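K.L.:
got a predicted model here, sequence first, then my questions.
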Amino acid sequence: MLKNNFFGRKVYLDILQKRVSGLLEGYRQNIAIIGDEMIGKTFLLFKFLDKFYDNRIIVIYLEIRPEAAASFFNRFAAGLLYNFLIPSGIPLREDLDYLIRKAERFIPKTAQKIKTLTSGRDKKKTSGLFVELLWLCELIYQETGKHCILILDEFHNLESLGLANLYREWSKLLILQKNTMYIITSSLKFKTKTILSKNLSLLFGNFELLTVEPFDAKASEEYLDKKLAGLSLNRGLRNFIIHFTGGHPFYLEIISEALLKSSKDNLADTLERLLCDTSGLLNQRFSNYIKRFLDLPHSNDYLSILYLVSDGRNRIKDIATLLHKTKKELIQRINYLLEIDTVTRSADFLKINDRVFGFWLKFVYQEKLRTLAFDARGQNPLFRDRIESMIQDFLNSSRQPLMEKMSGLLRLFEDELIQIEKKKIRLNHFREIKPLEFNNRSWHEGLIGRSQDSLWIMAFKDDSLTEDDVADFSRECRKYRNKLQRKFLVTLKEIDANTRLKALEEKIWTWDINSLNQILDLFSIPRVIP
């Protein structure tokens, strides 16, 4: 990632700053940050810490990794003392005994407690030691008036310490620690949500959940423009990279670096080397990932589900039919894939979480299994043809007017359920879809779709929606007297909170660029990159 630039993450930094300010004002709000591997969670924290300094706060950052409990305890205690002593100007060493000696004159009670906890006197009560260790943050507040912010990166690895009743003991402590703020991160999104809802869901001390998403189209464009400033890659191909990667910063960086190192500025060549060649970085990454399924019971079922979903056959009922599985059997397999964050479910649909992995499954992995050649060299020309076809399909799709693209999407609906922004909606099968013209200066194009028992009315706007747009559209829809009426405003911009609230009052669905692309993904239609 470009070291001196920070893309599309300001909203998260603002929340962190706001919560830290609240801590000093007596309002403590813990934060849980989740997101896919390599999405930039740790980079976000480092960016925040790089600019943060307040002598009233001690910040302790710990990468949580599988290790012996004693090792973790020593690292925690040393981190606390080290960060406490930084403003003192004392030369510091990463040695716990040394740090205790230097801290004794300032925080004698805390230093003595650390000596007791790390002396190994009570080795049998490791869970009790864990709680006492965390309580050091409150003890240091009593001695100095300094608050603590404790950052536990990939916190779920605490489970590897073998602590009995880990979350039960921790949850009790969270309620009592008024002067300590926790920031926890995890790449295991499903697991973390379960822990937060079942184990750490508290009346006081609960966690605010922040999900770090891939870059949006604007941030992705800014990134590529700076990263590829020396290349003559046209806007259409840059937009394809955004579509292909879904804005994931890791893949944006990998593809950009490969293009910069290439003797030719050829995107298809670059993707072929990364994804198809035996030595390709992404080919190796995904090949290693797929190995986790090979020794599992029902491994063929998992791999078959993943392939079908990547191939666009992602309706759960269709997967059950194709695999000759009962719904109960299939749901068991799906639940495992959900738990390890390989897929997500949108009501009747499944989606591969990692877009690039999904593409590799479809065009590389399956062809590798079919080939008769020992080194799969014959695969490369086929892959090349497919990637060039995919690029061309995207470029053709990007030239389509939004109304035309939406008309094609609506024709694919077959009465399935999807979930968008925590709300479920049935995608009615339409017997008639026609264009609409509205007498409105802000938006004038739309569609009307008639199904057996409902009427959909849609209007499209390239620019941001306003509350006036919502009011005007609501009046337009009153001309249609169908009681089972669905009203939609679709925009290629984000929608502000007041406009969403107004739409909710008028019972109008609002789809922004993110919602629209989520639906297009489910139907394997190229994304809209404005």
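P.N.:
Cool, the structure landed.
K.L.:
distance of residue 66 from residue 72?
P.N.:
Noted for residue 66: a distance of 10 Å to residue 72, by Cβ to Cβ, to the nearest Å. The C-beta positions use only the backbone N, C-alpha and C, and glycine is treated the same way.
K.L.:
do the same with residue 524
P.N.:
45 Å.
K.L.:
if we can go back for a sec, which one's more surrounded, residue 66 and residue 72?
P.N.:
The neighbour count for residue 66 versus residue 72, taken as other Cβ atoms under 10 Å, is higher for residue 72 (22 against 10).
K.L.:
could you find the closest non-adjacent residue to that one?
P.N.:
Closest residue to residue 72 apart from its sequence neighbours, by Cβ to Cβ, 6 or more residues apart in numbering: residue 161 at 5.8 Å.
K.L.:
may I see the buried residues of stretch 453-467?
P.N.:
For stretch 453-467, the neighbour count (16 or more other Cβ atoms under 10 Å) marks 455, 456, 457, 458, 459, 460, 461, 465, 466, 467 as buried.
K.L.:
next step: these restricted to strands.
P.N.:
Under the assignment DSSP state E, the buried residues of stretch 453-467 contribute 455, 456, 457, 458, 459, 460, 461 to strands.
K.L.:
show me where the stretch 101-250 of the chain dips below the pLDDT cut-off.
P.N.:
120-127, 202-205 (pLDDT under 70).
K.L.:
which residue ranges of it form strands?
P.N.:
Assigned by DSSP state E, counting those that start in this stretch, the stretch 101-250 of the chain shows strands spanning 147-153, 180-186, 207-211.
K.L.:
and the contacts of the second one?
P.N.:
Yep, that's strand 180-186 we're talking about. Applying Cβ atoms under 8 Å, 6 or more residues apart in numbering, the contact partners of strand 180-186 are 16, 19-20, 23, 28-34, 41-42, 45, 134, 137-138, 141, 147-156, 174, 192, 207.
K.L.:
one more pass at 6 Å, please.
P.N.:
Identification of contacts with strand 180-186 by Cβ atoms under 6 Å, 6 or more residues apart in numbering yields 23, 28, 30-34, 41, 137, 148-156, 192.
K.L.:
list buried residues within those residues.
P.N.:
Using 16+ other Cβ under 10 Å as the burial test, the contacts of strand 180-186 include 23, 28, 30-34, 41, 137, 148-156, 192 as buried.
K.L.:
what's around residue 485, how many residues?
P.N.:
Residue 485: 14 neighbours (other Cβ under 10 Å).
K.L.:
residues contacting residue 446?
P.N.:
For residue 446, counting by Cβ under 6 Å, 6+ apart, the contacting residues are 436, 438, 458, 459.
K.L.:
checking my notes, it in a helix, right?
P.N.:
No - looking at residue 446 with DSSP: H, G, I helix; E, B strand; the rest coil, it is strand, so not inside a helix.
K.L.:
beta partners of it?
P.N.:
Counting by DSSP bridges, residue 446 is bridged to residue 436, residue 459.
K.L.:
look up how far residue 402 lies from it.
P.N.:
Look at residue 446 and residue 402: by Cβ to Cβ, they are 10 Å apart.
K.L.:
check residue 511 too.
P.N.:
For residue 511, the distance to residue 402 equals 11 Å [Cβ to Cβ].
K.L.:
higher neighbour count, these two?
P.N.:
More neighbours surround residue 511 than the other of residue 511 and residue 402, with 21 against 17 (other Cβ under 10 Å).
K.L.:
helix/strand/coil for the nearest residue to residue 250 once chain neighbours are set aside?
P.N.:
Among residues not flanking residue 250 along the chain, residue 38 sits closest, at 3.7 Å (Cβ to Cβ, 6+ apart). The three-state assignment at residue 38 reads coil, by three-state DSSP.
K.L.:
gap between residue 38 and residue 246?
P.N.:
Residue 38 is 13 Å from residue 246, by Cβ to Cβ.
K.L.:
between the two, which one's more packed in?
P.N.:
The neighbour comparison of residue 38 against residue 246 (other Cβ under 10 Å) goes to residue 246, with 21 against 18.
K.L.:
and the residue nearest to the more buried one when sequence neighbours are not counted, how many neighbours?
P.N.:
The shortest distance from residue 246 to any non-neighbouring residue, by Cβ to Cβ, 6+ apart, is to residue 355 (4.2 Å). Counted with other Cβ under 10 Å, residues neighbouring residue 355 total 20.
K.L.:
right, and residue 355 touches residue 244 too?
P.N.:
No - the criterion here is Cβ atoms under 6 Å, and residue 355 misses it with residue 244 at 7.0 Å.
K.L.:
quick revisit: so can I have TSV of the buried residues of stretch 453-467 showing pLDDT?
P.N.:
Output for the buried residues of stretch 453-467, formatted as TSV (pLDDT from 0 to 100):
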residue	pLDDT
455	93
456	95
457	95
458	95
459	95
460	94
461	91
465	93
466	94
467	95
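K.L.:
would you list these in a markdown table and tack on distance to residue 109?
P.N.:
Below are the buried residues of stretch 453-467 laid out as a markdown table (distance: Cβ to Cβ, whole Å):
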| residue | distance to residue 109 |
| --- | --- |
| 455 | 71 |
| 456 | 68 |
| 457 | 69 |
| 458 | 66 |
| 459 | 66 |
| 460 | 66 |
| 461 | 63 |
| 465 | 58 |
| 466 | 59 |
| 467 | 57 |
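K.L.:
nearest to residue 315 among those residues?
P.N.:
Distance to residue 315 across the buried residues of stretch 453-467 (Cβ to Cβ) is lowest for residue 456, with 20.3 Å.
K.L.:
can you pull the contacts of that closest one?
P.N.:
When contacts are counted by Cβ under 6 Å, 6+ apart, residue 456 touches 449, 486.
K.L.:
mind checking how far it is from residue 446?
P.N.:
Taking Cβ to Cβ, one finds residue 456 at 10 Å from residue 446.
K.L.:
and for residue 474?
P.N.:
For residue 474, the distance to residue 446 equals 14 Å [Cβ to Cβ].
K.L.:
burial count for residue 36?
P.N.:
Residue 36 has 19 nearby residues by other Cβ under 10 Å.
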